[in-house]
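# Fold the following and give me the result.
(one chain, ligands or ions: 1)
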Amino acid sequence: MRFVKGHGTENDFVILPDADGRLDLGPALVTALCDRRAGIGADGVLRVVRTKLCAEVADQADEAEWFMDYRNADGSIAEMCGNGVRVFARYLVDSGLAGAGELAVATRGGIKRARLGTTGDVSVDMGMPRVLGVSSAKVNGREYQGLNVNVGNPHLACVIDDPIAGLDLTREPDYDHEVYPAGVNVELLNHVGDHAVSMRVHERGSGETRSCGTGSVATAVAAAHAAGETTGTWAVRVLGGTVTVTLDDRTSHLAGPAVLVASGEFPAVI
Ligand SMILES: N[C@@H](CCC[C@H](N)C(=O)O)C(=O)O
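Model (predicted):
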């Protein structure tokens, strides 16, 4: 099985080219690929398949030739992955499956439009994040309040005073299962400057990761809310670098580096 490895601010992915939809991508294969000792190692898998071959997104086929079939490292399926879309777009262009300029990607969270910049950055229109209320999570015995933000997938973004550098995110935060019956991605953020925040994230299905694109959008929404703003541009510093999130009245944009670092063959049978 051919694979390509890529990352967006160190949120890393195994990319599986599967144009004709022949691959049986079950949880066992995903966890084997993402295993950092016995496999390739990644936070998730991006299967690259023709949209028209996938019933769940076939209605997007007229606008987007390629479907980003995203899986978390534990094999679970998620609706959206912001860094994943950016790396997916980089792969489509670099492999000749799409031309430069704006390109549409089908996702379970609807069509996302990405654009490659001239400096290696990829920016994606993430749609309008939805603020659904407030909730809380317990991390290291401390309860943190945050905003319940849906960016296609569920987030709890908490602006906190405790320094995020001191948090232990090796365990999943305790969260309200009634608010988040399908699980949640939890972001913890500190203000570090004017329209600049630092963020750490515990991702549903992947554990702590070094960046999260949808989580960065939720983070910007929470930072804006705390400042009494609804629009503007935020620098979101994550463990793997910095991404930029712009919020306007209609939508949100996520921009940052997206790179391919390796390719090879993985044994087909697990
Ligand atoms: N890292 C991704 C989000 C991946 C999905 C998430 N773990 C979930 O289950 O919702 C991103 O960059 O957005």
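
# and His225, what does it touch?
Residues near His225 by Cβ atoms under 8 Å, 6 or more residues apart in numbering: Val131, Leu147. Just so you know, the C-beta spots here come from the backbone N, C-alpha and C atoms, and that holds for glycine as well.

# Find the helix or strand that it is a member of.
For His225, the element it lies in under DSSP states H and E is helix 213-226.

# What is the end-to-end distance of stretch 177-191?
End-to-end distance for stretch 177-191: 28 Å, by Cα to Cα, to the nearest Å.

# ditto for stretch 31-41
The first residue of stretch 31-41 is 9 Å away from its last residue (Cα to Cα).

# So for it, mean pLDDT?
Across stretch 31-41, pLDDT averages out at 98.

# wait, does it contact the ligand?
No. Residues of stretch 31-41 are not located near the ligand by Cβ under 6 Å from any ligand atom, the shortest gap being 11.9 Å.

# Tell me which residues of that stretch come out buried.
For stretch 31-41, a neighbour-count test (16 or more other Cβ atoms under 10 Å) marks Thr31, Ala32, Leu33, Cys34, Gly39, Ile40 as buried.

# picking up where we left off before, after the helix holding His225, which helix or strand is next? Please name it.
Going down the chain from helix 213-226, the next helix or strand is strand 232-238, by DSSP H and E.

# Contacts for that following strand, please.
Under the contact criterion Cβ under 8 Å, 6+ apart, strand 232-238 has outside partners 9-10, 189, 192-193, 195-201, 210-212, 216, 219-220, 223-224, 242-247.

# go again using 6 Å as the cut-off
9, 195-199, 211, 216, 219-220, 223, 242-246 (Cβ atoms under 6 Å, 6 or more residues apart in numbering).

# again with stretch 13-29
Residues contacting stretch 13-29 (Cβ under 6 Å, 6+ apart): 2-4, 6, 33, 40, 42, 44-50, 53, 75, 84, 87, 91, 270.

# Do a quick rundown of the strands in the stretch 151-270 of the chain.
154-159, 174-175, 185-193, 196-203, 207-209, 232-238, 241-247, 252-257, 259-265 (DSSP state E, counting those that start in this stretch).

# domain ranges for this protein?
The chain breaks down by automatic domain parsing into domains covering 2-124+257-265, 130-250.

# could the strands of the stretch 151-270 of the chain go into CSV alongside mean pLDDT?
Shown next, in CSV, are these (pLDDT from 0 to 100):
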stretch, mean pLDDT
strand 154-159, 98
strand 174-175, 98
strand 185-193, 97
strand 196-203, 98
strand 207-209, 98
strand 232-238, 98
strand 241-247, 98
strand 252-257, 98
strand 259-265, 97
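
# The ligand is nearest to which of those?
Of all those, it is strand 196-203 that lies closest to the ligand, at 3.7 Å by Cβ to the nearest ligand atom.

# Direction included, what does the closest one pair against?
Strand 196-203 pairs in its sheet with strand 185-193 (antiparallel), strand 207-209 (antiparallel), strand 232-238 (parallel), by DSSP bridges.

# just how off-centre is that strand within its chain?
12 Å (Cα atoms, centre = their mean, to the nearest Å).
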